[in-house]
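> sequence first, predicted coordinates after that:
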Amino acid sequence: MARRRRSKYTLWAIVSTILILGLALGLGLGFSLRHGPGSPSKPSPTRPPTPTAVWQPDVGASWQIVLNQVLDIDDENPVVEPDVGVFDIDMFLHQNSTVVANLHKLGKKVICYFSAGSFENDRPDSYRFQESDLGKEVKGWPGERWLNLSSPSVRDIMASRVDIASQMGCDAIDPDNVDGYQNDNGLSLTSDDSVEFLDFLVDKASALNLAVGLKNAGDIISDALPLVQFAVNEQCAQFDNCGPFRSFIKAKKPVFHIEYPTSAPSSVSAADSVDACTSPGSNDFSTIMKTMKLDGWAQYCTGDKANTNVFS
């Protein structure tokens, strides 16, 4: 069944008749621009074209993701390991640092992560959430609860978070936990709620020239694909569901893919590496192996390992 979407229409101003009179050397020249009220207007698209300044990463782009620690990059002589094109970092942990600017000096693009679909009690804006907008606890994450994605209050807070990402100079946002409908959320969330919420985030972000990624939520890809610039997927190899994300590759949009091998980080076994890197449907994904800590350690399908400098 087709999902219902909000329609957007651009209001076109109707230009009234303009009369320009020019006088030169006794000769009267009349010029009339005929764009009167009866002129037909062009049909409005359902979504305004994405601004050209919005970053579109390439399929296969190399990347690193560090969410639980702050990157340590020298302001005077910036250098970072690994030498990849894209870094996905926690927005709030880096809000008052120079990390984004230093990564830009090194020619890197920066994706700023925040949870868009859940309440976390340790975030600086957690006081703004209303109890009535909070659902059940996110399984496995004490103090984190699902959010009512349709709430004006929740959306206002998330709009503020997108503003922060823009002010920091981030190139994109990685809004997590938009898949509450797949979980026991206590709010009767549906997939339509997630699509409409993602639509809202994209509207806000694109107006600020920020790209947006779809985090997991594989069964709303058909609706999300026209809206976002990339996907971030966790464990599709482990759960054998990489196939749906091939739609991104076909659309020339990357899939930033994370697997968490049980043998990491001391020595990822050959079997774990093969499983992570060759799962059906995952070819051309930007695959990285991490621990659940999402710290500075990483291993790639080439066998190369990295340890990004972070503050302890």
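Received, thanks.
> contacts, neighbours, all on C-alpha from now
Noted.
> can you pull out the residues in contact with stretch 297-312?
64, 69-73, 80-82, 265, 273, 277, 287-291, 296 (C-alpha atoms under 8 Å, 6 or more residues apart in numbering).
> which among these end up buried?
Buried by 16 or more other C-alpha atoms under 10 Å: 64, 69-73, 80, 82, 265, 273, 277, 287-291, 296, out of the contacts of stretch 297-312.
> in strands, which of those appear?
64, 287, 288, 289 (DSSP state E).
> can I get those in a markdown table with distance to residue 141?
Formatted as a markdown table, those follow (distance: C-alpha to C-alpha, whole Å):
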| residue | distance to residue 141 |
| --- | --- |
| 64 | 23 |
| 287 | 25 |
| 288 | 23 |
| 289 | 21 |
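> so which of these comes closest to residue 157?
residue 64 (27.4 Å; C-alpha to C-alpha).
> just give the nearest non-adjacent residue to residue 295, would you?
residue 66 (5.1 Å; C-alpha to C-alpha, 6 or more residues apart in numbering).
> what bridges to the one you found?
residue 89 (DSSP bridges).
> going forward, begin numbering at 50 instead of 1
Noted, 50 is the first residue going forward, which turns the last one into residue 115.
> surely it touches residue 140?
No. Residue 115 is beyond contact range of residue 140, at 10.6 Å (criterion: C-alpha atoms under 8 Å).
> more crowded one of those two?
residue 140 (25 against 21; other C-alpha atoms under 10 Å).
> three-state assignment of the closest residue to residue 187 other than its chain neighbours?
Closest residue in space to residue 187, ignoring its immediate chain neighbours: residue 194 at 5.1 Å, by C-alpha to C-alpha, 6+ apart. Assigned by DSSP: H, G, I helix; E, B strand; the rest coil, the conformation of residue 194 is strand.
> where in this structure is pLDDT low?
50-101 (pLDDT under 70).
> let's see it at 50
50-100 (pLDDT under 50).
> and residue 236, how far from residue 147?
Counting by C-alpha to C-alpha, to the nearest Å, the gap between residue 236 and residue 147 amounts to 38 Å.
> got it, and residue 154?
Taking C-alpha to C-alpha, one finds residue 154 at 11 Å from residue 147.
> residue 286 too?
35 Å.
> do residue 191 as well
30 Å.
> and those two? Which one has more around it.
Between residue 191 and residue 147, residue 147 has the larger neighbour count (other C-alpha under 10 Å), namely 15 against 10.
> isn't the more buried one right next to residue 125, touching?
No. Counting by C-alpha under 8 Å, residue 147 stays clear of residue 125, with 11.0 Å between them.
> for beta bridges, what are the partners of residue 167?
residue 195.
> count of neighbours near residue 312?
For residue 312, using other C-alpha under 10 Å, the count is 14.
> how near is it to residue 180?
From residue 312 over to residue 180 (counting by C-alpha to C-alpha), the distance is 40 Å.
> tell me which stretches of the stretch 150-299 of the chain form strands.
Ranges of strands within the stretch 150-299 of the chain are 158-164, 167-169, 183-186, 193-196, 221-225, 260-264, 279-283, based on DSSP state E, counting those that start in this stretch.
> so can I have CSV of those showing distance to residue 202 and mean neighbour count?
CSV is the format used below for the strands of the stretch 150-299 of the chain (distance: least, C-alpha to C-alpha, whole Å; neighbours: other C-alpha atoms under 10 Å):
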stretch, distance to residue 202, mean neighbour count
strand 158-164, 15, 24
strand 167-169, 12, 23
strand 183-186, 11, 19
strand 193-196, 10, 24
strand 221-225, 17, 24
strand 260-264, 21, 25
strand 279-283, 26, 23
